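> Structure, please.
(one chain, ligands or ions: 1)
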Amino acid sequence: MSRSGSRHAVAAVTALLALLALLAACAGAAPDATLTAPAAPTTAVVQDLPVTTPPPATPPPPTTPAFAATVSAVTAAELGASWRPGCPVGPGELRRVTLAHWGFDGQPAAGSLVVNASAAQAMVNVFRRLFDERFPIRGMATIDAYGGDDDASMAADNTSAFNCRNAVATGPPRWSAHAYGLAIDVNPVENPYLLAGQVLPPAGREYVDRSRPRPGMAVAGGVLTEAFAAEGWQWGGRWSNPDYQHFSSTGG
Ligand SMILES: [Zn+2]
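Model prediction:
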């Protein structure tokens, strides 16, 4: 190698080292820029917060009312047309249960049931769950408000329990579980009783098709049937003549 060639070689190596150094510097600079760029505004925002940001707004008070229920005694006079001497249970064995529930309009409401004293706590438990899950109830008046007339109560889509009457069934007359305060009919229009070709109430005809669940309906595995099942109450929707509105502790 000539001396001149050697100088050229040194110059080439020097230039190469300089290029490598430049590349290393650039490569090193990139992550630094990436790391430092966001850090500055973050720090600035944090520093500015106490000065420029108003205090956090106070959360609005909860608008959902709490579930409420009461259990009280009921007199023969209060039972009106729903009770008479000779019924299988007397007023002393019955209780009035007032219950918060949701209406179909999405608003909270309150109603009352008359049930057997032994069923009062179960109803409170069921309706607490229905309230928590916003299951709608059309209305809940004791059936004396309808003169003890089950057809009138059903036509009004009224949810009711105690009524001293016979079972609505084929065969010889027998007391209904309602006559003991051990059964309840929920949203009768949305949950009609299909008895030997009849639809009870007639307004429930549009709900005979159970394959399309709509609000207020009892469906297998739904909140209504599950809430009663949790209390050991059975659903009439499983009968050969399905009574979708009916739940009882007796199975009848
Ligand atoms: Zn019933």
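
> only C-alpha atoms for contact and neighbour calcs from this point on.
OK.

> Not counting its neighbours along the chain, what's nearest the residue in the chain positioned nearest to the ion?
Going by CA to the ion, the ion is nearest to His246 of the chain, at 4.1 Å. Distance criterion CA to CA, 6 or more residues apart in numbering; nearest residue to His246, sequence neighbours excluded, is Asp185 at 4.5 Å.

> try Met217
Glu190 is the one closest to Met217 (CA to CA, 6+ apart), at 5.4 Å.

> Not counting sequence-adjacent ones, nearest residue to the residue nearest the centre of the chain?
Nearest to the geometric centre of the chain sits Glu133, at 1.6 Å (CA atoms, centre = their mean). Nearest residue to Glu133, sequence neighbours excluded (CA to CA, 6+ apart): Val223, at 7.7 Å.

> For the one you found, grab the count of nearby residues.
19 (other CA atoms under 10 Å).

> ok, now which ones touch it?
Listed by CA atoms under 8 Å, 6 or more residues apart in numbering, the contact set of Val223 reads Leu130, Glu133, Phe135.

> From those, pick the one nearest Trp233.
Set against Trp233, the nearest of the contacts of Val223 by CA to CA is Leu130 (14.9 Å).

> any idea how far that closest one is from Thr250?
Distance, Leu130 to Thr250, using CA to CA, to the nearest Å: 21 Å.

> More neighbours: these two, which one.
Counted by other CA under 10 Å, Leu130 and Thr250 do not tie: Leu130 has more neighbours, with 22 against 12.

> Double-check that Ala169 belongs to a strand.
No - counting by DSSP: H, G, I helix; E, B strand; the rest coil, Ala169 falls outside a strand, being coil.

> so what's the closest residue to it other than its chain neighbours bridging to?
By the measure of CA to CA, 6+ apart, the closest residue to Ala169 outside its immediate chain neighbours is Leu195, 7.5 Å from it. Counting by DSSP bridges, Leu195 is bridged to Gln198.
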